[in-house]
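[1] Predicted model, plus sequence, below.
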Amino acid sequence: MKQSMPDYCDLAAPGVRGLQPYQPGKPMAELEREYGLRDVIKLASNENPLGPSPKALAAAEAALKDLHWYPDGNGFELKTALAAHHRVDPACITLGNGSNDCLDLIARTFLGPGREALFAQHAFAIYAIAAMSAGAKPVAAPALAIDSSMPYGHDLDALVERIGPNTAVVFVANPNNPTGTWLQKDELERFLAAVPPKVIVVLDEAYIEYALEAEGYPDATQWLAQMPNLIVTRTFSKAYGLAGLRIGYSVSSAAVADLLNRVRHPFNANSLAQVAACAALGDEAHIAAAVELNREEKARVADACAGLGLPTLPSAGNFLCVQVGAKAMEVNEGLLRRGVIVRPIGGYRMPEYLRISIGLPHENDRCLHVLRELGEHGLLTVRER
Ligand SMILES: *Cc1c(COP(=O)(O)O)cnc(C)c1O
């Protein structure tokens, strides 16, 4: 008996039908395969160019022989270390398969049909994806104007204004990706005080290690004691250099953590990730080296871009949003052909920009060299602002 084929898209939950998959940075091996290149460099996903901490590598290696055992589903050692690091109770920590997993846990716990997730325009793309997969409505508040002191940054007043009866979760990235823009301590404090206690506020601090050195920069975990509706997410993927292992966490009230743990997959944080993260957390010298390298190279790359007539957005992260003009996709293609992977961000409604991660000095030099070459071919078309 032959049945007619259903349109499988109609079978998907309503929120899923409207989704586009997240577009990750192009893997190096893929570019090498597709373009027949060698010596490709990747400045596209904000990884730590120094690699993982040697201590994390040793810990993961030592744990390899135990791979036949399930991980500790409760993550006792890592949670204990994180609790000491943040001076909170271990019951406040929820481990994730990357902090992306934490964002998804939050969406599945607090969002759903009839509820809204609020975030700023140009904010990290995962917020909308997590909200829609959970059946909730994503709402984007306008960002700060291009001529403000924090162009494309989060406008906290605009966010507060858009909080309505159905707003269940507000996502705030500090610093934000892809823009690199950040929020000051006092403005964030005013914002947190203005959000009704029944609305969950997620502060995504994926790049906090790079930003903490700046004066007036808040470490949000200090507010948790007063704000039971606050969830701070962190990751080992960026400054800690463990993106491939997939390990992140959230810090919240114990009550919120208990809810997140109800929907969490029991073994979402794998055993290598748990031991490597513990070791990485203790390797402060490695973080300091990454932060120092980033500070020097980010300033140098921004200066060199300015020299090419390319404005950059202010960035507290380990990447720069570089305005290359209307031919950004051709510039991206030109970079790819010469073996340099960066990130086009047209999907963030910033079609004239490329997001470029800060790499090792020779990688940054190579990227700048190619940009200069593409400029000579007339591909850099930024008009004076
Ligand atoms: C990279 C990133 C994350 C998540 O990374 P994970 O690898 O899943 O921990 C979260 N938020 C922002 C803003 C990011 O850029």
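    That came in fine, so what should we check first?
[2] Can you name the residues bridging to Y249?
    Taking DSSP bridges, one finds L95, R234 as the beta-bridge partners of Y249.
[3] What's the local residue count around it?
    27 (other C-beta atoms under 10 Å). (Glycine included, C-beta is placed from N, CA and C.)
[4] which ones are touching whichever residue of the chain sits closest to the ligand?
    Per C-beta to the nearest ligand atom, G98 is where the chain lies closest to the ligand, at 2.6 Å. For G98, the contact set (C-beta atoms under 8 Å, 6 or more residues apart in numbering) comprises T235, S237, A243, R246, I247, G248.
[5] Mind putting these into JSON lines with pLDDT?
    Formatted as JSON lines, the contacts of G98 follow (pLDDT from 0 to 100):
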{"residue": "T235", "pLDDT": "98"}
{"residue": "S237", "pLDDT": "98"}
{"residue": "A243", "pLDDT": "98"}
{"residue": "R246", "pLDDT": "98"}
{"residue": "I247", "pLDDT": "98"}
{"residue": "G248", "pLDDT": "98"}
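[6] Put together JSON lines for these, with neighbour count on each row.
    Shown next, in JSON lines, are the contacts of G98 (neighbours: other C-beta atoms under 10 Å):
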{"residue": "T235", "neighbour count": "26"}
{"residue": "S237", "neighbour count": "22"}
{"residue": "A243", "neighbour count": "17"}
{"residue": "R246", "neighbour count": "20"}
{"residue": "I247", "neighbour count": "29"}
{"residue": "G248", "neighbour count": "27"}
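[7] and the ligand, which of those residues reach it?
    Among the contacts of G98, the residues that sit close to the ligand (C-beta under 6 Å from any ligand atom) are T235, S237, A243, G248.
[8] Just to check, the third one is in contact with A276?
    No. Applying C-beta atoms under 8 Å, one finds A243 not in contact with A276, separated by 11.5 Å.
[9] and for these two, which residues touch both?
    Common contacts of A243 and A276 (C-beta under 8 Å, 6+ apart): none found.
[10] Poorly predicted segments of the stretch 151-300 of the chain, please.
    215 (pLDDT under 70).
[11] cutoff 80 now
    Low-confidence segments of the stretch 151-300 of the chain, defined by pLDDT under 80: 213-216, 218-219.
[12] The stretch 1-150 of the chain now?
    Looking at the stretch 1-150 of the chain by pLDDT under 80, you get 1-6.
[13] can you do 90?
    Scanning the stretch 1-150 of the chain for pLDDT under 90 picks out the ranges 1-18, 20-26, 31.
[14] Which residues of the stretch 151-300 of the chain lie near the ligand?
    Residues of the stretch 151-300 of the chain found near the ligand (C-beta under 6 Å from any ligand atom) are A173, N177, D204, A206, T235, S237, A243, G248.
[15] and the closest residue in space to the third one that isn't next to it in sequence, what are its phi and psi?
    Distances taken as C-beta to C-beta, 6 or more residues apart in numbering place A173 nearest to D204, at 4.4 Å, with adjacent residues excluded. Reported as degrees, to the nearest 10, the phi and psi values for A173 are phi -100, psi 130.
[16] Show the contacting residues for A173.
    Per C-beta under 8 Å, 6+ apart, neighbours of A173: F119, A123, F124, H154, D204, A206.
[17] for the second one, helix, strand, or coil?
    Secondary structure, DSSP: H, G, I helix; E, B strand; the rest coil: A123 is coil.
[18] Hmm, it is touching F171, no?
    Yes. Contact criterion C-beta under 8 Å: A123 and F171 qualify, at 6.5 Å.
[19] Just the closest of the ones next to the ligand among the contacts of G98 to Y35, please.
    Y35 has its nearest neighbour among these in A243, at 23.2 Å by C-beta to C-beta.
[20] I am finished for the moment; much appreciated.
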